[in-house]
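Trainee: Structure for this input, please:
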Amino acid sequence: MGHAKWVYNQILPYFKSRPDKLFIVITAPPLSDNTYAQNARAFNNWLVNDWLRENNYTLNNVAVYDFYNVLSAPDNHHWYNNGRVEDVISKQRNTNAYPSGDDHPNQRGNRKASEEFVPVLNVFYNRWRAGAPVQPPAQGEGQPQPGQDMQPPIQPGDQPASGGLIDAFEGGTPPGTTGWETYRDEATPSIITCAPDSSMAHGGNASMKMEFFVPADSWVTCMLYNEQPQNWSGQQGISFFIHAQQAGTVIHVNLYAGDPANQESHVYVLETPPESGSGWALIEIPWEAFHRVEWEENSGAPFTLTNAVLAIGFGASANPDAEIKGTVWIDDLGFLGSQAGGQPTTADEDLQPSTAPQQEQPHSGPRRSLPCGGSVALPLGLVIAGLLKRKKPARK
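Mentor: The predicted model follows:
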């Protein structure tokens, strides 16, 4: 949920630069499944009640319509009533009260929402129109000049604060990130857990265990989002150690980069090597080995946006004809060349002697707590639904 809030906060400066335009954010409809419904309610409440206030946004060109609340119960409303706009929560119900077989409302729910939305939209429009400028901002005041690309150049992000390591999985959220979060295809019974495991570590006391089940033609991911875009242009790629319950498990390594409102998704498909089944294998991936995903423009293009990295993560996706499942452990995620290799270094190192220099045995360390997000992806809202592309992992 933290990254979803971050995305909305990032687009406000653009809205502020265009007071001549009215932007209506429509919250996502409630989920049919109750598992993460409370999180969805909390996010939509934040969007309706706190988003603009927390950012001290005072212009009238941005408004939020609570589509979620309207569909959560027959007695819940966001309407124009008795001369004012009211967002009424009569019943604390967090799932779709107008089911259609998926997370979209049925015809009755759509009719109710339309009847309530149009009068509220009229209020939003007239409120904005009363204070909107007659002309858009002059050129040079946030508007592109003739002949200029409509997309502003991407500014370099911050340099990594942790040196060679991105996450050693030794406890706490990595500095400058929102923590690890899981996402899955909610239209299928896909499952993913992304959790600390102090019983298995390459170095130190813990690793991250990722366990997944992916039905045919579905996907899951476990992502670490940066609070601000990161400048990794001084690095050559990424590296990490991996141990697999079964060698040959296929996973994806994902990178998101560029403009947060129009991010680019890149992927590297990894088949865990033979030595990962009985020990730890060092994986080193140069930037040029990542390629643009097939459903975005410039599909297959090598990764170049190293100066504006938004997120890194791991995932899996299944082909249309077969389901997949697997369990892997990941440790010492860092930049290419930062790994010293060699044997694991822990207090009980001598309890797990290595029989081959190139193969490192998984071993236990003292129990340590490692926060690792397990939240589900929350739809961001219909107005900027294109941002949801970030949640979809690459296919083989």
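
Trainee: all contacts plus neighbour counts: C-alpha atoms, from now on.
Mentor: Fine.

Trainee: which residue packs closest to Ala187, ignoring adjacent ones?
Mentor: Asp102 (7.5 Å; Cα to Cα, 6 or more residues apart in numbering).

Trainee: burial count for Trp259?
Mentor: Check again: residue 259 is Asp, not Trp. 19 (other Cα atoms under 10 Å).

Trainee: For it, report the pLDDT, please.
Mentor: The score at Asp259 is 84. That number is its pLDDT.

Trainee: From Leu71, how far out is it?
Mentor: 32 Å (Cα to Cα, to the nearest Å).

Trainee: Then Ala311?
Mentor: With Cα to Cα as the criterion, Ala311 and Leu71 are 33 Å apart.

Trainee: same check, this time on Glu284
Mentor: Taken as Cα to Cα, the span from Glu284 to Leu71 is 48 Å.

Trainee: Settle it for me: which of those two has more neighbours?
Mentor: Leu71 (31 against 17).

Trainee: Test my guess that that one contacts Pro99.
Mentor: No - when contacts are counted by Cα atoms under 8 Å, Leu71 is not listed as touching Pro99 (9.4 Å).

Trainee: which residues do the two both contact?
Mentor: Pro105 (Cα atoms under 8 Å, 6 or more residues apart in numbering).

Trainee: before we move on, the earlier item: and the residue nearest to Ala187, how many neighbours?
Mentor: By other Cα under 10 Å, 13 other residues sit near Asp102.

Trainee: Could you look up the SS state of it?
Mentor: coil (DSSP: H, G, I helix; E, B strand; the rest coil).

Trainee: Check the gap between it and Asp33 for me.
Mentor: In terms of Cα to Cα, Asp102 sits 9 Å off from Asp33.

Trainee: and what of Asn82?
Mentor: For Asn82, the distance to Asp33 (Cα to Cα) stands at 34 Å.

Trainee: more neighbours, these two?
Mentor: Just comparing Asn82 and Asp33: by other Cα under 10 Å the higher neighbour count belongs to Asp33, 13 against 7.

Trainee: Quick check: chain neighbours aside, which residue is closest to that one?
Mentor: Thr95 (6.8 Å).

Trainee: Is it correct that the one you found falls within a strand?
Mentor: No - secondary structure of Thr95 (three-state DSSP): coil, not part of a strand.

Trainee: residue ranges with poor pLDDT in the stretch 201-350 of the chain?
Mentor: Applying pLDDT under 70 to the stretch 201-350 of the chain picks out residues 338-350.

Trainee: still on that earlier bit, show me what contacts the residue nearest to Asp33?
Mentor: 30-34, 37, 72.

Trainee: Among those, which one sits closest to Glu275?
Mentor: Taking Cα to Cα as the measure, Glu275 sits nearest to Asp33 out of the contacts of Thr95, at 40.1 Å.

Trainee: Need the per-residue pLDDT for the closest one.
Mentor: 76.

Trainee: what residues go with each domain of the chain?
Mentor: 2-131, 165-339+361-376 (automatic domain parsing).

Trainee: Pick the most deeply packed of these.
Mentor: Of all these, domain 165-339+361-376 carries the top mean neighbour count, a mean of 20, counting by mean count of other Cα atoms under 10 Å.

Trainee: and that one, how far out from the chain's middle?
Mentor: From the chain centre to the centre of domain 165-339+361-376 is a distance of 12 Å (Cα atoms, centre = their mean, to the nearest Å).

Trainee: again, but for stretch 48-63
Mentor: That offset, for stretch 48-63, works out to 23 Å (Cα atoms, centre = their mean).

Trainee: Can you pull out the residues in contact with that stretch?
Mentor: 8-9, 15-16, 19-25, 64-66, 124, 127-128, 131-132.

Trainee: Out of those residues, name the ones that lie in strands.
Mentor: The strands, defined by DSSP state E, take in 23-25, 64-65 from these.

Trainee: I'd like those residues laid out as CSV, including distance to Gly234.
Mentor: Shown next, in CSV, are these (distance: Cα to Cα, whole Å):
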residue, distance to Gly234
Phe23, 38
Ile24, 40
Val25, 38
Val64, 41
Tyr65, 43
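
Trainee: Return the member of those residues nearest to Thr173.
Mentor: Distances from Thr173 to the ones in strands among the contacts of stretch 48-63, taken by Cα to Cα, are shortest for Val25, at 30.4 Å.

Trainee: ok, the closest residue to that closest one other than its chain neighbours - contacts?
Mentor: Leaving aside its sequence neighbours, Val25 sits nearest to Val64 (Cα to Cα, 6+ apart; 4.7 Å). Shown in contact with Val64 (Cα under 8 Å, 6+ apart): 24-27, 47-48.
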